[in-house]
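**Student:** need a structure here:
(one chain, ligands or ions: 1)
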Amino acid sequence: MSTAGVIGGGPAGLIAAETLARAGVAVTVYDRMPSVGRRFLLAGHGGLNITHSEARDRMLGRYGRSADRIAPMLDVFSPDDLRDWCAGLGEPTFVGSSGRVFPQAFRATPLMRAWLVRLAELGVRIETRQRWTGWTGDGGLHFTRTDGETVEVAPDVTLFALGGASWPRLGADGGWVDLFTDRGIAVTPLRAANVGVQVSWTDTFAERFAGKPLKNVALTVRGRDQSARGDAMVTRTGIEGGPIYAIGAAIRDALDADGECVLHVDLRPDLTVDQLTARLQNRRPKDSGSTWLRRIGLDPVAIALLRESTGGALPVDATVMAELVKAVPAVVPATMPIDRAISTAGGVAWEEVDESLMVRRLPGTFVAGEMLDWEAPTGGYLLQASFSTGVVTARGAVAWLRCHGALTSTRGLLPTPLQVPHPSPGEDGETRGG
Ligand SMILES: Cc1cc2nc3c(=O)[nH]c(=O)nc-3n(C[C@H](O)[C@H](O)[C@H](O)COP(=O)(O)OP(=O)(O)OC[C@H]3O[C@@H](n4cnc5c(N)ncnc54)[C@H](O)[C@@H]3O)c2cc1C
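**Tutor:** Numbering: from 1, shown residues only. All right, here's what the predicted structure looks like:
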């Protein structure tokens, strides 16, 4: 029987392990933590948003510069496949009002529990507390256990799914980057993605408004096109939330280019400057500044943000005020650190892997999940791409084993509940739509 070592027991690694085991490969998953799937479980705390229901092209757009590389992965294991997979584990999904998809239980725990039972039934071995620490001289894998013992193994194929570097206490700490670059594999530096930004609020503003949402605002990075709408949360040291994450790449680009970034907060994105001006011109003589602004629908946190941006005094001219309401400047000197980020940008460069995500200079070695150089906003896109790339690597590994005479079982050719199309003999790692 052929053997596979899957290093990293997050969603990408575990779905790869399941796919390999279904194809008749003896799989061992190695993880440095005492248990697998810790980030997946944490993702479930706020309501596990497993994928998104929007149309394929719109969804692909969320992967920005990597859309072309992610497209064939979603063809192999699509959002519908992921939803079927959840249902197969006893967790049917539903589409929320925003189009995001959640498992019925809204949490990851029941899904993970059922998944681990399934993996055990498929014969997948899980070795925890084993940190991958590099390759041996003859290309095997080297692990260091938490008790200090070292372990060496040499599976027929290796699949790495070690994640990025956000929330390192959950397992993924980016420790693999130097090991890969030492082997000559290009890795785009890991950066914080889906992360809040720092803003130097005054103490008064921070104390009064930390934890309060700026409701239905549009955020733009000054001088750049990208903008995003939604609720952004004021924190003691900055702003976080969906619209910030959605323009994260533009924020990083501005910080890289200029050393700081100016965010423009549009407090009334549904109204034009002219419409706002017309409304503001109806100021009554007795209106205080706050009352005047409440009449155009601004709440206390929005009004305080306006004062914060001007140092206290508010413009009295209706047009000047309207222009400010449409673009309140907030100076961002930096993002929050990577260990507070939901995900990571950067990773193994796309040119280092082929269509089956096999590392070109390490035949028989594959890479999946957040280790690869892609990013996406929150909305289920992160888990979808982690699952899809996990399935693609496993399919590639099966094809590779078959091509190299190491896999004789026909189990991999049978349809499976995963609904993953398997490559026909001779495809040698090609991924195709299915
Ligand atoms: C708070 C939070 C909420 C989130 N919510 C969502 C959400 O709702 N929807 C969504 O789509 N995404 C969400 N995400 C992102 C999502 O969890 C990740 O994109 C996804 O887990 C990435 O999967 P992965 O398998 O590539 O990596 P990971 O899940 O990070 O798994 C990597 C595994 O590799 C192991 N590992 C690392 N280094 C080594 C080593 N040297 N040796 C052995 N093992 C090692 C780690 O212990 C870990 O188990 C959230 C993330 C966070 C932090």
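**Student:** so where is the chain shaky, pLDDT-wise?
**Tutor:** For the chain, residues meeting the criterion pLDDT under 70 lie at 408-434.
**Student:** would you agree E308 is in contact with D203?
**Tutor:** No. Judged on CB atoms under 8 Å, E308 makes no contact with D203 at a distance of 11.3 Å. For the C-beta atoms, the positions are set from N, CA and C on the backbone; glycine is no exception.
**Student:** out of the two, name the residue with the larger neighbour count.
**Tutor:** Using other CB atoms under 10 Å as the criterion, E308 and D203 rank with E308 on top: 22 against 8.
**Student:** please name the nearest non-neighbouring residue to the more buried one.
**Tutor:** F205 (5.0 Å; CB to CB, 6 or more residues apart in numbering).
**Student:** contacts only, for the one you found.
**Tutor:** V234, A304, L305, E308 (CB atoms under 8 Å, 6 or more residues apart in numbering).
**Student:** what about it, distance to the ligand?
**Tutor:** Distance, F205 to the ligand, by CB to the nearest ligand atom, to the nearest Å: 26 Å.
**Student:** what helix or strand is that residue on?
**Tutor:** Using DSSP states H and E, F205 sits in helix 203-209.
**Student:** which one of the contacts of F205 sits closest to the ligand?
**Tutor:** V234 (19.1 Å; CB to the nearest ligand atom).
**Student:** could you point out the helix or strand that follows the host helix or strand of the closest one?
**Tutor:** V234 belongs to strand 227-235 when assigned by DSSP H and E. Using DSSP H and E, the helix or strand that directly follows strand 227-235 along the chain is strand 238-240.
**Student:** which outside residues touch that next one?
**Tutor:** 195-199, 201, 214, 232-233, 263, 330, 332, 336.
**Student:** so which of those residues wins on neighbours?
**Tutor:** Going by other CB under 10 Å, V197 tops the contacts of strand 238-240 with 28 neighbours.
**Student:** which secondary structure state does A330 sit in?
**Tutor:** When classified by DSSP: H, G, I helix; E, B strand; the rest coil, A330 comes out as strand.
**Student:** which of the helices or strands spans the closest residue to it other than its chain neighbours?
**Tutor:** Once flanking residues are discounted, A330 sits nearest to L263: 4.6 Å by CB to CB, 6+ apart. Per DSSP H and E, L263 falls inside strand 261-266.
**Student:** quick one: list the elements packing against that strand.
**Tutor:** Contacts defined by 3 or more CB pairs under 8 Å, 6 or more residues apart in numbering; DSSP states H and E place strand 261-266 against strand 213-221, helix 248-258, strand 328-332.
**Student:** neighbouring strands of the first one in the sheet, and parallel or not?
**Tutor:** Right, strand 213-221. In the sheet, strand 213-221 lines up against strand 227-235 (antiparallel), strand 261-266 (antiparallel) (DSSP bridges).
**Student:** got the angle between the longest one and helix 248-258?
**Tutor:** Strand 227-235 and helix 248-258 meet at an angle of 80 degrees, taking axes from the mean of the first three to the mean of the last three CA atoms, to 10 degrees as the criterion.
**Student:** and stretch 27-43, is it in reach of the ligand?
**Tutor:** Yes. Interface with the ligand: stretch 27-43 contributes Y30, D31, R32, M33, V36, R38, R39, F40, L42, A43 (CB under 6 Å from any ligand atom).
**Student:** show me what contacts the third one?
**Tutor:** With contacts defined as CB under 8 Å, 6+ apart, the neighbours of R32 are T128, R129, Q130, R131, W132, G171.
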